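**Student:** Need the 3D shape of this:
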Amino acid sequence: MSPRHFLTLKDLSSDELKQLLFRASELKKIHHEGTLFQPLKNRVLAMIFEKSSTRTRVSFEAGMAQFGGHALFLSSRDTQLGRGEPVEDSARVISSMVDAVMIRTFDHKTVETFAKYSSVPVINALTDDYHPCQLLADMQTYQEHRGSIEGKKVVWVGDGNNMCNSYINAAALLDFQLVVACPVGYEPNAELVAEHSDRVTVLHSAHDAATNADLIVTDVFASMGQEDEQEQRLKDFDGFQVNSALMAKANPDALFMHCLPAHRGEEVSADVIDHPESVVWDEAENRLHAQKALLEFLLCR
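**Tutor:** Numbering: from 1, shown residues only. Okay, here's the model as predicted:
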């Protein structure tokens, strides 16, 4: 049987995604109760990192340990991938020795090529185009705090980046309306927006977009690999900070989310992210539980 991969949210059906989110919360409860549950005993996850990480590495490594398995950390400095070995060759070799592969890299084609030649499931842990694992955690968090996101208004404020693209996929699968608020020239993938024009709107005013929002989400203005654009981006994104004035435009029970790391005073004000009722820290923890649910789904079928 061909392996099941998770390269974008669209690799799941709507029903599969909903079930996975509920399972993530079940696994969270099991973990918090201290119950031993090891469905992946003696299974190995290879973790290939070409981009640095905190939450992704800790969550996948801890998740495999809690499930009774093992995770191998492989950086481009330590493998032949970093010395120019073809992705196809690395995929064939690595997948013959492990039970699943997680990749965090730049070019989305890298994970697509690796998956094509892999004999085991491949998980996209972030590329320049998509960040589906973060969306699992975000959607789990919203569901735990507010119930179903179906029919709700979600506002993305900032760059039309990999997170934004994944929010577009989530809107299609979970049936919510997404408004993207970004400066001119920073819009998300045009083809993706056109494909989902029935539920995605792009505006160039954060305050117009935030009106009656149920969830407001942002990310750093300059992602990894864009550090040399930081100064220009700070100018271009003037007026796109999520602060208390912007949150006041949203519904009274609206949530704020951020995938972290956050730059307080830039894309978000400290009073919003550090608010006593902030769910950002639940969101971060849920990377662990959502990815455990994903690993179980991919490996225990």
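
**Student:** Name the next helix or strand following the helix or strand of the chain with the lowest mean pLDDT along the chain.
**Tutor:** Of all helical and strand segments in the chain, the minimum by mean pLDDT, DSSP states H and E falls on helix 230-236, at a mean of 91. Using DSSP states H and E, the helix or strand that follows helix 230-236 in sequence is helix 244-247.

**Student:** neighbouring contacts of that following helix?
**Tutor:** Helix 244-247 has contacts (C-beta atoms under 8 Å, 6 or more residues apart in numbering) with Val157, Ala206, His207, Ala210, Ile216, Ala254, Phe256, Ser269, Asp271, Val272. Every C-beta, even on glycine, is put in place using the N, C-alpha and C of the backbone.

**Student:** Next: stretch 25-39.
**Tutor:** 66-69, 140, 143-144, 286, 288-289, 292-293, 296, 299-300.

**Student:** Show me where the stretch 101-250 of the chain dips below the pLDDT cut-off.
**Tutor:** Applying pLDDT under 70 to the stretch 101-250 of the chain flags residues 224-225.

**Student:** sorry, back to before: can you tell me which of the contacts of helix 244-247 are in strands?
**Tutor:** Counting by DSSP state E, these place Val157, Ile216, Phe256 in strands.

**Student:** And these, which is closest to Leu234?
**Tutor:** Of all those, Leu234 sits closest to Val157, with 14.8 Å by C-beta to C-beta.

**Student:** Just to check, the closest one is in contact with Ala206?
**Tutor:** Yes - using C-beta atoms under 8 Å, Val157 is in contact with Ala206, at 5.1 Å.

**Student:** Touching both of those two, which residues are there?
**Tutor:** Joint contacts of Val157 and Ala206 (C-beta under 8 Å, 6+ apart) are Ala181, Phe240, Val242, Leu246.

**Student:** so how far is Ser59 from the third one?
**Tutor:** Translated: Val242. Taking C-beta to C-beta, to the nearest Å as the measure, Val242 falls 24 Å from Ser59.

**Student:** go on, Ser96?
**Tutor:** In terms of C-beta to C-beta, Ser96 sits 26 Å off from Ser59.

**Student:** Strands of the stretch 1-150 of the chain, start to end?
**Tutor:** 44-49, 70-75, 100-104, 122-124 (DSSP state E, counting those that start in this stretch).

**Student:** so can I have JSON lines of those showing distance to Ser166 and mean neighbour count?
**Tutor:** Formatted as JSON lines, the strands of the stretch 1-150 of the chain follow (distance: least, C-beta to C-beta, whole Å; neighbours: other C-beta atoms under 10 Å):
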{"stretch": "strand 44-49", "distance to Ser166": "19", "mean neighbour count": "22"}
{"stretch": "strand 70-75", "distance to Ser166": "23", "mean neighbour count": "17"}
{"stretch": "strand 100-104", "distance to Ser166": "14", "mean neighbour count": "27"}
{"stretch": "strand 122-124", "distance to Ser166": "10", "mean neighbour count": "27"}
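
**Student:** any chance of these in CSV, plus distance to Thr201?
**Tutor:** Converted to CSV, those look like this (distance: least, C-beta to C-beta, whole Å):
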stretch, distance to Thr201
strand 44-49, 35
strand 70-75, 40
strand 100-104, 30
strand 122-124, 26
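
**Student:** For Val202, which of these is the nearest?
**Tutor:** strand 122-124 (24.1 Å).

**Student:** roughly how far is the closest one from the heart of the chain?
**Tutor:** Put simply, strand 122-124 sits 12 Å off its chain's centre (C-alpha atoms, centre = their mean, to the nearest Å).

**Student:** what helices or strands is that strand leaning on?
**Tutor:** Helices and strands touching strand 122-124, by 3 or more C-beta pairs under 8 Å, 6 or more residues apart in numbering; DSSP states H and E, are strand 100-104, helix 108-117, helix 132-146, helix 280-299.

**Student:** Could you identify which of these is most buried?
**Tutor:** Of all these, strand 100-104 has the most neighbours on average by mean count of other C-beta atoms under 10 Å, namely a mean of 27.

**Student:** distance between it and the chain's centre?
**Tutor:** Counting by C-alpha atoms, centre = their mean, strand 100-104 is centred 14 Å from the centre of its parent chain.
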